[in-house]
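[1] this one's sequence-less:
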Ligand code: AMP
Ligand code: MG
């Protein structure tokens, strides 16, 4: 089954052709990062206009690279939610238009499930599996006991981890998106600042706003006192506290769910090497498998949407042209 998939939930316009949920025949990504560097963050109205400029080319290129025509496509998939509504609309309406014109079945995919299925492209999900989704807009734990079955057991009560990385990076004068630059800086520093690790008694939920405020206050107070901040040490201390919270919660989940066979990491923050190392240590301690997608499939891309769409289709068949874009989970 060849699926033509669209992903436009934030600031990446992406179109891919995926065969049987596993084989990526093409994956075109037009990123808007260079545009938003000037603003220090994504501006939704600009993002949606940029998607409109890019989407036709992305779609044509994806078919060309996969060396097929739309006639050979069996199913059209698109991210429907969550995300920026103006951005989502572009992908959803494009997919619906193609579905209508070429009389192809259509299916809507939850963006988070796409991130999780990025893991199934080069590895195999083994059930029950614990998905740790860490991105610019989301931080959550989801349990899967079979394909296309998702049970969210914990999530951030305030900011997402990626957003927090970006905000702390900004006060350290690093360019947007600051997450990767903060990780690089942290490698040169040590965990010397005593920053909070949040929400120890909130079951599997997470919180990053207190940690973010602690970093901002530390920088502001130091400036007022004319004291130098060691930026590399602050980056390392922040990263330690943010990640320790996650690994502590993963251990709590593993202790409560002894049958979990695998941990999968998903979302843009999964590109962070320190996070991978720390989760790997937990996985080793509990003697379970730990998988994560290659960098290309960590950040927003349409291949992951095609991968998730395949299992949704196997499980419940297609949707219809009534699918709509929604900002909500
Ligand atoms: P997504 O929301 O899935 O598109 O992922 C984008 C988010 O991932 C942004 O907040 C980035 O700053 C963050 N990110 C990407 N690479 C890294 C990294 N190496 N360390 C920390 N955060 C990262
Ligand atoms: Mg994402």
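    Cool, got the structure. Here the structure is a predicted model, which is why all the values come from computation and not from measurement. Ligands and ions are numbered 1, 2, ... in the order given.

[2] Residue 290 - that's part of a strand, no?
    Yes. Judged by DSSP: H, G, I helix; E, B strand; the rest coil, residue 290 forms part of a strand.

[3] Specify the beta-bridge partners of it.
    Judged by DSSP bridges, the bridge partners of residue 290 are residue 263.

[4] Next one, pLDDT for it please.
    For residue 290, the pLDDT comes out at 98.

[5] Same question for residue 199.
    In this prediction residue 199 is given a pLDDT of 68.

[6] now residue 108
    So, for residue 108, pLDDT stands at 98.

[7] touching ligand 2 at all, the helix or strand encompassing it?
    Element membership of residue 108 [criterion: DSSP states H and E] is strand 106-110. No. Strand 106-110 is not in contact with ligand 2 by CB under 5 Å from the ion; minimum separation 11.1 Å. Any C-beta I mention is one placed from the backbone N, CA and C, and that applies to glycine too.

[8] just how off-centre is that strand within its chain?
    17 Å (CA atoms, centre = their mean, to the nearest Å).

[9] next structured bit after that strand?
    helix 111-117.

[10] contact partners of the strand holding residue 108?
    5, 75-82, 92, 95-96, 99, 305, 308-309, 312-313, 318-321, 323, 329 (CB atoms under 8 Å, 6 or more residues apart in numbering).

[11] Equivalent analysis for stretch 173-190, please.
    33, 36-37, 39-41, 136, 162, 165-170, 172, 230-239, 268-269, 271-274.

[12] Could you tell me the end-to-end distance of that stretch?
    In stretch 173-190, first residue to last residue: 19 Å (CA to CA, to the nearest Å).

[13] Centre of the chain to that stretch, how far?
    19 Å.

[14] swap in stretch 99-116?
    The chain centre lies 18 Å from the centre of stretch 99-116; the measure is CA atoms, centre = their mean.

[15] Say whether ligand 1 is contacted by it.
    No. Judged by CB under 6 Å from any ligand atom, stretch 99-116 stays clear of ligand 1, getting no closer than 6.5 Å.

[16] For that stretch, buried residues please.
    99, 104-116 (16 or more other CB atoms under 10 Å).

[17] Count the neighbours of residue 37 for me.
    Residue 37: 12 surrounding residues under other CB atoms under 10 Å.

[18] OK, contacts around it?
    So residue 37 contacts 175, 176 (CB under 8 Å, 6+ apart).

[19] For ligand 1, see how far away it is.
    12 Å (CB to the nearest ligand atom, to the nearest Å).

[20] And residue 46, by the same measure?
    Taking CB to the nearest ligand atom, one finds residue 46 at 17 Å from ligand 1.

[21] distance of the nearest residue to that residue once chain neighbours are set aside from ligand 1?
    Distances taken as CB to CB, 6 or more residues apart in numbering place residue 35 nearest to residue 46, at 6.7 Å, with adjacent residues excluded. Distance check for residue 35 against ligand 1: by CB to the nearest ligand atom, it reads 15 Å.

[22] Now the stretch 51-200 of the chain against ligand 1: closest residue?
    residue 179 (2.3 Å; CB to the nearest ligand atom).

[23] neighbours around that residue, how many?
    Neighbour tally, residue 179, other CB under 10 Å: 23.

[24] circling back: of the contacts of strand 106-110, keep whichever come out buried.
    5, 75-82, 92, 95-96, 99, 305, 308-309, 312-313, 318-319, 323.

[25] Show me the residues you listed that map onto helices.
    92, 95, 96, 99, 305, 308, 309, 312, 313 (DSSP state H).

[26] Just the closest of those residues to residue 255, please.
    residue 308 (28.9 Å; CB to CB).

[27] Quick check: closest non-adjacent residue to that closest one.
    residue 117 (3.8 Å).

[28] isn't that neighbour right up against residue 311?
    Yes. The criterion here is CB atoms under 8 Å, and residue 117 meets it with residue 311 at 7.0 Å.

[29] which one of those two has more residues nearby?
    residue 117 (32 against 19).

[30] Could you check how far the more buried one is from residue 100?
    Distance of residue 117 to residue 100, given as CB to CB, to the nearest Å: 26 Å.
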